[in-house]
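>>> any chance you could fold what I've pasted below:
(chains A and B)
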Amino acid sequence: MKVVHSNTQPVMLSEEKKRSWLSGLLYSRKVAPYVFVAPFIISFLVFFAYPLVQTFVMSFQEVLPGETTFVGLENYRKLNNQTFYTALLNTVQYTFWTLVVLIPIPLVLAVLLNSRMTRFKNIFKSALFIPVLTSTIIAGIVFRLIFGDMSSAFMNSFLIKLGLKPELWLSSEGTGMFVMVLLASWRWLGVNMLYFLAGLQNISNDLYEAADIDGASTFQKFFHITLPSLKPVTVYVLTISIVGGFRMFEESYVFWQNYSPGDIGLTLVGYIYQQGLAYNNMGLGAAIGIVLLMIILIVSVISLKLSGSFKEEH
Amino acid sequence: MKRKVSCVLAVLLVISLLSGCSVNTASGPSKSKTTTLTYWTFNGLHEALFQDAAKNWNKVHPDRKIKLNSVVYPYGQMHDNLSISLIANQGVPDIVDIEQKRFATMVKGNQVPLVDLTSLVAKDRDKFVESRLTMYSKNGKLYGIDTHVGTTVMYYNMDIMQKAGVNIDRIQTWDDYVKAGKKVVKKTGKPMTTIETKDPNNFLPMIVQQKSGFFDKNGKLILNNKINVKTLEFLRDMVYTDKVAVPTPGGNHHAEEYYGFMNQGGAGSVLMPIWYMGRFLDYMPDLKGKIAIRPMPAWTKGGDRSAGMGGTATAIPKASKHIDLAKDFLQYTKVSKEGNIKLWTVLGFDPLRWDVWDDPALQKENKYTAYFTNGTSLFNMLLELKDEINPLYMTEDFPAVSDKLATQILYKTIKLRNETPKKALDDAAKELE
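Numbers count the residues shown, from 1 in each chain, chains lettered A, B, ... in the order given. This next block holds a predicted model:
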C-alpha cells in the first residue's frame, strides 16, 4: 500500500500540473488567440505557402528523378513561344467573355427575382441555381454531345431545322470559345445571382420609398439606387470572376482533353498541365504558374484600384 | 525542408514495413511466402492479361507466389501519378504500363528511374521485332516491354470494293491506291478513306514506311525533312486534288462520330494498326464479314508495306521493393513464348515475338477470325511483313511533336487548308527546336 501510495502521488501532481498548464494556455489572453488560429495558419503554411515558395524555386530548375539542376532563367526564356501566347490569348478572351456575361445577366436576374411583381420566385431561384451543383465534367460531356460536329448532333439538327448551316462547333476558334463560355455561364449564373440577391436584401427600402415620393421612374431607381448600392458585391463578383477565368481548366479539358484543334481551347492552366505533367517539364510548368500568378495579381489589383476599393471607407 | 519531409516520410515507411515483416515471420515458414506486387495500368484489358499470368505463375512457382494488386486508372491520371511518384522516388508500383507517347518523358535525364530490362530479352532477341525494342531503349538499354507490334495495315470494306470493281490484291503502291480510290468515288460516291486531323495515325506510319520519322537515329529533329513534307502533301492532295479521301469525321479514328460513319459504310478503307481490330468488333458490328485486312500500299514497287504503331510498354521502377520477382514475372508474362501467345488469345494483339506468329494457337478460330474475311490466315500475312517494319526513334520530345501534329499541323493543312505542308512543318520544327 505504502509503496503504491508514494508512487501515485507524484503522478497525480504532474497530471494536475499538466492540466493547469493547458488551461493556463487556453485562458491566457496572449496565447489563446494563436492556438485558435493555429489550424488555419498551419494548413496555410503547409498547403499554400510552402508549395508557393517551392514553385518559385522550381521555376528556376530542371526537375528530373534523382537530379535537380538550377538552370537560371531558362524556363522563363522558353515561354517565348507561340503556344504560350495562344494559351494566354485564349485565357484572356475567355475571362473577358465570362465577365461580360456573368456580371450583368445575374444582376438583372437578381433584380427581377427580388421584385415584388415576380411570381414563382423560388422555382426560378432553384432552377437557376441547380447547375452549380453539377460537376463541370459531367455537364461538359452533355454539352460536348449537344455541340457535336455531326449534323445529327442536337444543336446542328436544330440549326438545320431552322434552315441554317450546321457548324463545326468544337473544331473552330469562335464557336469553341462560345461553347466554353456558354458552359461556364450556365454553371455560374446561379452563384453570381445569389451574391447579387444577398446584396439586394441589404438595400434599405426607405431609399426606394423616398425615390417614389420624388417621382423617380423604375429605371432611375435602378441606376441611382440599386446599382450604386450593389457596388461592393459587384467588385467582389468581378474579382472572383477574374480569378476564376484565369484559372479555367475543366471547361476546356472536358471538350478536348487538352488536345484541341489549333489549340483553340488551350488555357494557361492547360499549358501548365501539358508541360508539367504530360511532358514531365516540372520546371517549365512552375514558371508558367508563376507568370499566371503575376497576371492574376496585376489584373485584380488594377480592377480593385479602378473600382476604388483601396480608398478608406467613410 | 523538402529533405526533412521526405526523411519523416521515409521513417514512417520503414516503420510500416518493419511491422509488416514481423507479421510475416510470425505466420511461420510452413506457409509458402506470397509477395504482393502492385501493378498500375490504364487499360482494363491489360489487367486481364496480368491477372491471368499471375494465376498461372502461382501454379508453376509455388515457392514464389504472387498476389497481384492491380489498379486500373484513367489514362492521364495514371501517367501523372507515375511521373510524380518517380520524381519523388516514393509510392511507385512494382510493375507499370506506360503508353508509348508518355514513355519518352519517363526516361528523361541521366538517372533513368526504371530498371534495365535488357537481360530479359537477351536470349531470344532475334525472335523479336527489333524496332519495338529500340523504341523503348535509351543508350542501348531496354526499359520497357511492349504489348504488341502494332503492324499497320489497310482495312478494306469489301462491299464497297466489290461495288466499285476494285481488286484489292492488285493495290501495291499508293499510286494504285489513289487510282482505285477514284474508281470507288466514281462508282459508289463514297470516299476511299478518311484522313485523321486530330491524330497522326495516317501520317506517322506513312513516313516511317519510308524510313523517316520525327527524329533520326541520333535524336535530331527531322520533322520537316523532304519525305515528311512530300507525304503530308500527298495526304492533302488525296483530299483536295484527287478527291478520294475526306478528313475523318470527329477528327480521329477513335471518335464516336467516326465509328457511326464507318459502321454505316461511310468510307472504303481505313489505315490503322492490327490492334484496331478490337475497335471494329466493339464499335462497328454491322461490318462483320465485310472487312478484309491487307498490307499498307508501298511507296515504290517492292517497298516496305507496314510500320509498327502505338504501343504500351511495361516497366519496373527502380524504387520497387521486389525488382527481381517483378522482372521474372514480367519475363513470364510478356517475354516468354507462352506469354506472347496470350497477347493474341487474351488481347487480340500481334505479339512482339514473331516466332509465335505461326504457332497453332494463333491459327485457331476466335471472334477476330470470324469477323474479318482473312479468317485464320491473318498471321501468315503478318509474317510476310515482319521485316518491313522500320524503327521509330524516340526522344523526350516525342509527345510534343506528336501533339503539334495533332493540334496544329494536320488541322491547318488538311482540315482548314490555310497553310502549306512545308510551312506548317517548318514552323513546328522551328518552335520545337
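
>>> quick one: contacts for the most centrally placed residue in chain B?
The residue at the geometric middle of chain B, judged as the C-alpha nearest the mean C-alpha position with CA atoms, centre = their mean, is B:Gly311 (1.9 Å). With contacts defined as CB atoms under 8 Å, 6 or more residues apart in numbering or on different chains, B:Gly311 is in contact with B:99-100, B:132, B:135, B:146-148, B:150. The C-beta positions use only the backbone N, C-alpha and C, and glycine is treated the same way.

>>> once you drop chain neighbours, what's closest to B:Thr134?
Closest residue to B:Thr134 in three dimensions, ignoring its sequence neighbours and counting by CB to CB, 6 or more residues apart in numbering or on different chains: B:Pro391, at 4.6 Å.

>>> unless I'm mixing things up, that neighbour is touching B:Glu130, no?
Yes. Using CB atoms under 8 Å, B:Pro391 is in contact with B:Glu130, at 7.2 Å.

>>> look at those two and report which has more neighbours.
Neighbours per residue, other CB atoms under 10 Å in any protein chain shown: of B:Pro391 and B:Glu130, the larger number sits with B:Pro391, 19 against 16.

>>> circling back to that earlier point, any idea how far the residue nearest to the centre of chain B lies from chain A?
When distance is defined by CB to the nearest CB, to the nearest Å, B:Gly311 is 17 Å away from chain A.

>>> circling back to that earlier point, most neighbours of all the contacts of B:Gly311, which one?
Across those, neighbour numbers were computed from other CB under 10 Å; B:Gly150 holds the maximum, 29 neighbours.

>>> check contacts around the closest residue to it other than its chain neighbours.
Once flanking residues are discounted, B:Gly150 sits nearest to B:Pro273: 4.0 Å by CB to CB, 6+ apart. With contacts taken as CB under 8 Å, 6+ apart, B:Pro273 has the following neighbours: B:148, B:150-153, B:205, B:308-310.

>>> now for the contacts of B:Gly311, which pair is the farthest apart?
With distances taken as CB to CB, the most widely separated pair in the contacts of B:Gly311 is B:Glu99 and B:Arg132, at 14.0 Å.

>>> flag every residue of the stretch 151-300 of chain B that's near chain A.
Listed as neighbours of chain A in the stretch 151-300 of chain B under the rule CB under 8 Å from any CB of the partner chain: B:197-198, B:249-251, B:256-257, B:260.

>>> list buried residues within those residues.
In those, burial by neighbour count holds for B:197-198, B:249-251, B:257, B:260, counting by 16 or more other CB atoms under 10 Å in any protein chain shown.

>>> domains in the chain, by residue range?
Because you didn't say which chain, this covers chain A. Following automatic domain parsing, one finds the domains of chain A at A:2-74, A:76-306.

>>> ah, I was thinking of chain B
Dividing chain B into domains by automatic domain parsing, as the record does, gives the ranges B:33-148+B:310-368, B:152-307+B:397-432.

>>> how about the ones you listed in CSV, adding mean pLDDT and distance to A:Asn258?
Compiled in CSV, these are given as follows (pLDDT from 0 to 100; distance: least, CB to CB, whole Å):
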stretch, mean pLDDT, distance to A:Asn258
domain B:33-148+B:310-368, 93, 8
domain B:152-307+B:397-432, 94, 9
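
>>> for chain A, what is the nearest residue in the stretch 301-433 of chain B?
B:Tyr411 (4.2 Å; CB to the nearest CB).

>>> ok, and the closest non-adjacent residue to that residue?
The spatial neighbour of B:Tyr411 that comes closest, neighbours along the chain excluded (CB to CB, 6+ apart), is A:Pro261 at 4.2 Å.

>>> per-residue pLDDT of that neighbour, please?
We note a pLDDT of 87 for A:Pro261 in this prediction.

>>> same question, A:Val57
pLDDT, A:Val57: 95.

>>> distance check, it against chain B.
Applying CB to the nearest CB, the value for A:Val57 to chain B is 9 Å.

>>> so A:Lys165, which state does it fall into?
Using DSSP: H, G, I helix; E, B strand; the rest coil as the criterion, the local structure at A:Lys165 reads coil.

>>> find the nearest non-adjacent residue to it, please.
Among residues not flanking A:Lys165 along the chain, A:Leu159 sits closest, at 7.0 Å (CB to CB, 6+ apart).

>>> from what I can see that neighbour touches A:Glu167, true?
Yes. In this structure, A:Leu159 is within contact of A:Glu167 by CB under 8 Å, at 6.7 Å.

>>> most packed of the domains of chain A?
domain A:76-306 (a mean of 17; mean count of other CB atoms under 10 Å in any protein chain shown).

>>> count of residues packed around B:Arg417?
By the measure other CB under 10 Å, the count of residues near B:Arg417 is 12.

>>> how about the contacts made by it?
Shown in contact with B:Arg417 (CB under 8 Å, 6+ apart): B:236, B:240.

>>> give me the distance between it and B:Arg236.
With distances taken as CB to CB, to the nearest Å, B:Arg417 is found 7 Å from B:Arg236.

>>> near chain B at all, the longest helix anywhere in chain A?
If you go by DSSP state H, chain A has its longest helix at helix A:173-201. No. Judged by CB under 8 Å from any CB, helix A:173-201 and chain B are separated, with a smallest distance of 10.0 Å.

>>> tell me if I'm right that A:Leu268 and A:Phe246 touch.
Yes. A:Leu268 is within contact range of A:Phe246, at 6.8 Å (criterion: CB under 8 Å).

>>> shared neighbours of these two, anything?
Common contact partners of A:Leu268 and A:Phe246 (CB under 8 Å, 6+ apart): A:91, A:292, A:295.

>>> C-terminal to the host helix or strand of the first one, what's the next element?
When elements are defined using DSSP states H and E, A:Thr91 is found to belong to helix A:82-102. The C-terminal neighbour of helix A:82-102 among helices and strands, as given by DSSP H and E, is helix A:104-114.

>>> which elements pack onto the next helix or strand after that next one?
Taking DSSP H and E as the definition, the helix or strand that follows helix A:104-114 towards the C-terminus is helix A:121-133. For helix A:121-133, the helices and strands in contact under the criterion 3 or more CB pairs under 8 Å, 6 or more residues apart in numbering or on different chains; DSSP states H and E are helix A:104-114, helix A:173-201.

>>> quick one: list the elements packing against the shortest one.
Under the contact criterion of 3+ CB pairs under 8 Å, 6+ apart, the helices and strands touching helix A:104-114 comprise helix A:121-133, helix A:173-201.

>>> helix or strand next in line after the longest one, which one?
Sequence order places helix A:205-214 as the next helix or strand after helix A:173-201, per DSSP H and E.

>>> quick check: mean pLDDT across that next one?
For helix A:205-214, the per-residue pLDDT values average out at 90.
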